[in-house]
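Asks: quick one, what's the 3D model for this:
(one chain, ligands or ions: 1)
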Amino acid sequence: MAVASSAHSTIFSRTSFFHHINGFKRFSFCLPFSSSAAASISSKKKWRQPVASSALELGGIKIAKDDVVKDDPTNNVPDTIFSKMGMQLHRRNNHPLGILKNGIYEYFDTNYPNLFDKFDDLCPIVSVKQNFDDVLVPADHVSRSYNDTYYVDAKTVLRCHTSAHQAELLRRGHTHFLVTGDVYRRDSIDSTHYPVFHQMEGVCVFTPDNWQASSLDPTAYAAEDLKKSLEGLARHLFGAVEMRWIDAYFPFTNPSYELEIYFKEKWMEVLGCGVMEQEILKCNGRSDSVAWAFGLGLERLAMVLFDIPDIRLFWTNDERFTSQFSEGQMGVKFKPFSKYPPCYKDISFWINESFTENNLCEVVRGIAGDLVEEVVLIDNFTNKKGLTSHCYRIAYRSMERSLTDEEINNLQWNVREQVQEKLNVVLR
Ligand code: DAH
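Replies: Sure, this is the predicted structure:
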């Protein structure tokens, strides 16, 4: 059974910007508002598919489709993404993501009664300042690029991590909090990557009387408490597993770590964490304090805990999936129902300088939605003239029904047409 060892690893955990193949988040060297973005925008209007334009209410704020999907050169949010906003899977107590969220709440409530404030309804539309600047993400960090993040306009994004709420909650006086929410990232397509997924952020602030009673300096005190608390959380979720701490890099913490557990015969990353950068505390009214913070991906953990083999299943309404989970039942193993056969189609084209795989995947998802299971580069060569050709294999498969040849041929025909038109590439 495929285990979700790679479902949305933390994107901020590497200093350099590189491609990870197989395993972790793939990055590309795309600059914000690159020409590929411009290419996809120019034909955006034309390719929009009709989607109900009903308004949503998110965190007490009414949001209409036009507030998120705009004909503005700095907007790259497709209709398919708007249609996922407001689903709030993490707030459904019978859904694996809700069950996992509640399981984590239970750990903190048992070990720190009445201490942690919980937020699971904060609006996912945040400012660039909240998402990046407030948590010290460098100006040239790849996560800010148009290729990786959904921009509503030049100053507003769909949050790409729940860390976007750290600063405002500190400013509002919270010292212990858990923030759960849907996060959005432009990404490739496979069984462990989906452009919308869910994270939980935890923050715990200490004041001088906390560390003065120990023999430790403030940072060492926070790091020790962090490790103790998160090891307890991992045991609460996974049982008596072997664990290890790996030194890591995040812009918002120093020192930074990843916690790994030995599970089903492999080391698996559970979360990213660290001692909060002093600058963040200072800018938000807590210069006298130290704090620890962590962030974890709910899908990544739920896929392992519940044996869920494909990230698209979280979004299905198929009763054969939904009926298998109920409130409070952590770690019930999903029994796969018969899979319908996949259908593979290849597409080859000469790429241009601005081509990115994320842009290709956005086009394919825009047409096939959740019927696309995977998009894999299967051939790549450069000819004598210096032109580079890519061939991608697209796997189409429904979780819920058999697809007809006609339906798949239509999808593929549309993909070919739109790839050519929107990405400005030459089909072979
Ligand atoms: N925001 C990080 C990501 O999405 C996860 C994370 C890592 C959150 C370390 C934290 C932290 O609060 O301390 O990749």
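
Asks: now the phi/psi pair for the closest residue to the ligand within the stretch 301-428 of the chain, please.
Replies: For the stretch 301-428 of the chain, the residue positioned closest to the ligand under CB to the nearest ligand atom is Leu301, at a distance of 13.2 Å. Any C-beta I mention is one placed from the backbone N, CA and C, and that applies to glycine too. Dihedral pair for Leu301: phi -80, psi -40, per degrees, to the nearest 10.

Asks: give the contact list for the residue nearest to it when sequence neighbours are not counted.
Replies: In space, Leu301 comes closest to Leu100 once its chain neighbours are excluded; the distance is 6.2 Å by CB to CB, 6 or more residues apart in numbering. Residues counted as contacts of Leu100 (CB atoms under 8 Å, 6 or more residues apart in numbering) are Leu237, Leu298, Leu301, Ala302, Leu305, Met330.

Asks: hmm, the residue of the stretch 301-428 of the chain closest to the ligand is touching Val270, no?
Replies: Yes. With contacts counted by CB atoms under 8 Å, Leu301 reaches Val270, the gap being 6.8 Å.

Asks: and Cys361, how close does it get to Ser145?
Replies: Remark: distance between Cys361 and Ser145 (CB to CB, to the nearest Å) = 15 Å.

Asks: ok so, going back, the residue nearest to Leu301 falls within a helix, correct?
Replies: Yes. Counting by DSSP: H, G, I helix; E, B strand; the rest coil, Leu100 is located in a helix.

Asks: so the closest residue to the ligand within the chain: helix, strand or coil?
Replies: Taking CB to the nearest ligand atom as the measure, the point where the chain comes nearest the ligand is Gly295, at 2.4 Å. Secondary structure of Gly295, reduced to three states by three-state DSSP: strand.

Asks: around the ligand, pick out the residues from the protein.
Replies: Taking CB under 6 Å from any ligand atom as the contact definition, the chain meets the ligand at 10-12, 161, 163, 201, 250, 252-253, 272-274, 293-295.

Asks: out of these, who's the most crowded?
Replies: Using other CB atoms under 10 Å as the neighbour test, these are led by Ser163, with 30 neighbours.

Asks: wait, a helix at that one?
Replies: Yes. Going by three-state DSSP, the assignment for Ser163 places it inside a helix.

Asks: what about the closest residue in space to it that isn't next to it in sequence, how many residues nearby?
Replies: Counting by CB to CB, 6+ apart, Val135 is the residue found nearest to Ser163 once chain neighbours are left out, at 5.0 Å. Val135: 24 surrounding residues under other CB under 10 Å.

Asks: do the one 3 residues further on as well
Replies: A count of neighbours around Pro138, defined by other CB under 10 Å, yields 12.

Asks: so what's it up against?
Replies: By CB under 8 Å, 6+ apart, the contact list for Pro138 reads Pro251.

Asks: report the separation between it and Tyr257.
Replies: Pro138 sits 20 Å away from Tyr257 when distances are taken as CB to CB.

Asks: where in this protein is pLDDT low?
Replies: Judged against pLDDT under 70, the low-scoring parts of the chain cover residues 1-6, 9-11, 13-53.

Asks: mind listing the helices for it?
Replies: If DSSP state H is used as the criterion, the helices of the chain fall at 35-42, 44-47, 65-68, 79-82, 96-111, 128-131, 166-171, 208-212, 218-238, 278-283, 298-305, 319-322, 357-368, 405-423.

Asks: all the strands of the stretch 51-200 of the chain, in order from the start?
Replies: Listed from the start of the chain, the stretch 51-200 of the chain has strands (DSSP state E, counting those that start in this stretch) covering 56-58, 61-63, 117-119, 125-127, 151-153, 156-158, 176-184, 196-206.

Asks: reformat the ones you listed as CSV; add distance to Phe314.
Replies: Below are the strands of the stretch 51-200 of the chain laid out as CSV (distance: least, CB to CB, whole Å):
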stretch, distance to Phe314
strand 56-58, 19
strand 61-63, 22
strand 117-119, 21
strand 125-127, 22
strand 151-153, 24
strand 156-158, 18
strand 176-184, 11
strand 196-206, 8
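
Asks: which one of those lies nearest to Asn75?
Replies: With CB to CB as the measure, strand 151-153 is the member of these nearest Asn75 (6.1 Å).

Asks: can you pull out the strands in the stretch 251-400 of the chain?
Replies: Under the criterion DSSP E, counting those that start in this stretch, the stretch 251-400 of the chain contains strands at 253-263, 266-276, 290-297, 343-350, 372-382, 388-396.

Asks: in contact with the residue nearest the centre of the chain, which residues?
Replies: Centroid-nearest residue in the chain: Phe197, 4.6 Å away (criterion: CA atoms, centre = their mean). Contact criterion CB under 8 Å, 6+ apart gives Ala7, His8, Asp182, Val183, Arg185, Gly297, Leu298, Glu299, Ile311 as the residues in contact with Phe197.

Asks: what do you get for Leu371?
Replies: With contacts taken as CB under 8 Å, 6+ apart, Leu371 has the following neighbours: Tyr396, Arg397, Ser398, Leu403, Leu411.

Asks: apply 7 Å and report the result again.
Replies: Contacts for Leu371 (CB atoms under 7 Å, 6 or more residues apart in numbering) come out as Tyr396, Ser398, Leu403, Leu411.

Asks: just flag the most distant two among the residues you listed.
Replies: Of all pairs drawn from those, the widest gap by CB to CB lies between Ser398 and Leu411 and measures 11.2 Å.

Asks: what about Thr316, how many residues nearby?
Replies: 15.

Asks: tell me the phi and psi of it?
Replies: Summarising the backbone geometry of Thr316 under the convention degrees, to the nearest 10, its torsions are phi -80, psi 150.

Asks: setting the sequence-adjacent residues aside, check what's closest to it.
Replies: The spatial neighbour of Thr316 that comes closest, neighbours along the chain excluded (CB to CB, 6+ apart), is Met399 at 5.4 Å.

Asks: picking up where we left off before, hey, which of the helices of the chain is tucked in deepest?
Replies: Neighbour counts (mean count of other CB atoms under 10 Å) averaged over each of the helices of the chain peak at helix 298-305, with a mean of 25.

Asks: output the contacting helices and strands for that one.
Replies: helix 96-111, strand 196-206 (3 or more CB pairs under 7 Å, 6 or more residues apart in numbering; DSSP states H and E).
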